[in-house]
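1. Starting from these lines, generate the structure:
(chains A, B, C and D)
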Number of protein chains: 2
Amino acid sequence: MLYSGRCEYAVRALTYLAQKPANGFTLLAEITEAEDLPRAFSGKILHDLVRAGLLRSARGPSGGYALALPPTDISLLQVVQSIDGTADLDRCAVGLNPCSDEMPCPLHDTWKPLRTEIKQYLEETTLLDLAAGVSRKRKLIERANATSGV
Amino acid sequence: MLYSGRCEYAVRALTYLAQKPANGFTLLAEITEAEDLPRAFSGKILHDLVRAGLLRSARGPSGGYALALPPTDISLLQVVQSIDGTADLDRCAVGLNPCSDEMPCPLHDTWKPLRTEIKQYLEETTLLDLAAGVSRKRKLIERANATSGV
DNA sequence: TATAATTCGGACATTCAGGTCTTTAAGTCT
DNA sequence: AGACTTAAAGACCTGAATGTCCGAATTATA
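-> The predicted model follows:
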C-alpha cells in the first residue's frame, strides 16, 4: 500500500542488516534465509541499493552486504525512492491531468494534506526504528511462549 | 498510491455519473469518451461495480449505466473495496506475519494510526465531494481562460 | 598461483494487471 | 416477427513486475 513488493523486500533486508553488529559483511544467503525472501531476486534488489549508496558490498570469501550508513541515517523514504522512485508519492490521487495547486483535481484539497503526512512518516521513520520494533516484537514472543508454559 | 489503476478508472466513471441528472441511463461510450478511458476495459470495471451494487445497468436501446445509490451514499472506500478488495488497507506495512496488535510488526505502532486516517479519509469522501470538486475545477478553468483573454 | 566463495550481469521463465476483440444475450422500436 | 442497439461474457493479446538460472568477474585464503 505504501510501496511496491520489491521495496518491501528491500526494507526487510535492510532491517535485518540494521540489527547486526556494524563491522563486516553479511551473506546474501543469510539475509534471504532469515527473512524468507527469494534469493536471486533479492540479490538484484540489494544491488540496486548498493548503486543508490545505501549499501556496500564485497565479492569473494568473507564478502557480502553491509549498510553504507548508520541505521539512523537511512529513512524509509530513501529506500522507497531508491527502489520505486518518487513518482507515486507526488502523484494526483485521481489521476487527472493537469493537477496542481492552481488547477486542482477533485480530491486535491483534501488529499494533499494526507499525502504530506504519509511522506513525512516515511521520512521520519529510520532503520533504527524498524530494528527497535523487531527486537520489541521478539521479546513479546518470548514472553508469550514463557507464560504459555512452552 | 491509494488504489489500483482499475480503481482509478472506476472513480472517474462514477464521478462522471454523479454529475449527471439522476434519471435514466448513460451510455458506456459517453462515459469513456468524456473521461478518456479505454472503452472495453472500462466496461468490465463498470460491470464489477454493478455486481458490487454501486451501479445499475440496462441493455438495449436507451440502456447504459446509472448509479444505484445517491452520490452521498457512495464513498471512495466502497469503490476501493468493490474493485481492489480490502486486503491492502488492512495489510501490515512491512509484510511480516503474523502481525496484530498483540504481535506487532516493526512498523505496527507508528503505521497503524496513519493507516486508520487514510481509511477514514476514503470512508468520508463521497461521490458528491468528487463531483463538487470537478465543478469547482471547471469554474477555475473558465476564469483562467477569461482573464488570459481567450 | 590455484581454488573456493561470493557478488554482478544478462538471458530466460512466470505471473498478473491492463487492455482489445468477438460473440452472445437482452432489451427497444417499427 | 425482425432489425437494431447495447451491455455481458469470454477468449485472447501485451507489457510490466516478479522470479530463476547460469556464466563472468572479483577477491580472500591456502
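2. Out of the helices and strands in chain A, which is least certain?
-> helix A:87-90 (a mean of 70; mean pLDDT, DSSP states H and E).
3. Do whichever helix or strand comes after that helix and chain B come into contact?
-> The helix or strand immediately downstream of helix A:87-90 is helix A:108-124, counting by DSSP states H and E. Yes - using Cβ under 8 Å from any Cβ of the partner chain, helix A:108-124 comes into contact with chain B via A:H108, A:D109, A:T110, A:W111, A:L114, A:R115, A:E117, A:I118, A:Y121. To be clear about C-beta, it is placed using only N, CA and C from the backbone, and glycine gets the same treatment.
4. Would you format the residues you listed as TSV with pLDDT, neighbour count and distance to A:L28 included?
-> TSV is the format used below for the residues of helix A:108-124 next to chain B (pLDDT from 0 to 100; neighbours: other Cβ atoms under 10 Å in any protein chain shown; distance: Cβ to Cβ, whole Å):
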residue	pLDDT	neighbour count	distance to A:L28
A:H108	71	20	43
A:D109	73	13	46
A:T110	77	16	44
A:W111	80	21	39
A:L114	87	18	37
A:R115	86	19	35
A:E117	90	13	35
A:I118	89	20	31
A:Y121	92	19	29
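5. Go through those residues and name the one nearest DNA strand D.
-> A:I118 (19.1 Å; Cβ to the nearest atom of the strand).
6. wait, what's in contact with the closest one?
-> Counting by Cβ atoms under 8 Å, 6 or more residues apart in numbering or on different chains, A:I118 touches A:L2, A:L89, B:L114, B:I118.
7. any idea of the pLDDT on the residue lying closest to the second one once chain neighbours are set aside?
-> Spatial nearest neighbour of A:L89, chain neighbours left out: A:K119 (5.7 Å); criterion: Cβ to Cβ, 6 or more residues apart in numbering or on different chains. The predicted local distance difference test score for A:K119 is 90.
8. A:K119 reaches A:Q81, doesn't it?
-> No - using Cβ atoms under 8 Å, A:K119 makes no contact with A:Q81, being 10.5 Å away.
9. if I read this right, A:T72 contacts A:D129, doesn't it?
-> No - using Cβ under 8 Å, A:T72 is not in contact with A:D129, being 9.1 Å away.
10. Which of these two has more residues huddled nearby?
-> Between A:T72 and A:D129, counted using other Cβ atoms under 10 Å in any protein chain shown, the more crowded position is A:D129 (20 against 11).
11. my guess is the more buried one meets B:W111, correct?
-> No - counting by Cβ under 8 Å, B:W111 is not a contact partner of A:D129; they are 10.6 Å apart.
12. Alpha carbons of stretch A:6-13, as PDB, please.
-> Provided in PDB are the C-alpha atoms of stretch A:6-13 (Å, rounded to 0.1, in the frame of the first residue of the first chain):
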ATOM      1  CA  ARG A   6      10.400  -5.000  -4.400                       C
ATOM      2  CA  CYS A   7      10.600  -2.200  -1.900                       C
ATOM      3  CA  GLU A   8       9.100  -4.300   0.900                       C
ATOM      4  CA  TYR A   9      11.900  -6.800   0.300                       C
ATOM      5  CA  ALA A  10      14.400  -4.000   0.500                       C
ATOM      6  CA  VAL A  11      13.100  -2.800   3.800                       C
ATOM      7  CA  ARG A  12      13.100  -6.200   5.300                       C
ATOM      8  CA  ALA A  13      16.700  -7.000   4.200                       C
END
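13. Buried residues in stretch A:44-55, which are they?
-> Neighbour counts using 16 or more other Cβ atoms under 10 Å in any protein chain shown place A:I45, A:L46, A:L49, A:L54, A:L55 of stretch A:44-55 among the buried residues.
14. typo on my end, it should be stretch A:28-40
-> Applying 16+ other Cβ under 10 Å to stretch A:28-40 flags A:L28, A:I31, A:T32, A:E35, A:L37 as buried.
15. Output the contacting helices and strands for the top helix by length along chain A.
-> When chain A is parsed with DSSP state H, its longest helix is helix A:127-147. Packing partners of helix A:127-147 (3 or more Cβ pairs under 8 Å, 6 or more residues apart in numbering or on different chains; DSSP states H and E): helix A:5-18, helix B:108-124.
16. Minimum distance to DNA strand C: which of the ones you listed has it?
-> It is, among the helices and strands packed on helix A:127-147 and with distance given as Cβ to the nearest atom of the strand, helix A:5-18, at 10.3 Å.
17. Please list the outside residues in contact with the helix or strand following the closest one.
-> Note on helix A:5-18: by DSSP H and E, the next helix or strand toward the C-terminus is helix A:28-35. Here helix A:28-35 makes contact (Cβ under 8 Å, 6+ apart) with A:R12, A:A13, A:Y16, A:L17, A:L37, A:P38, A:R39, A:S42, A:G43, A:L46, A:G64, A:Y65.
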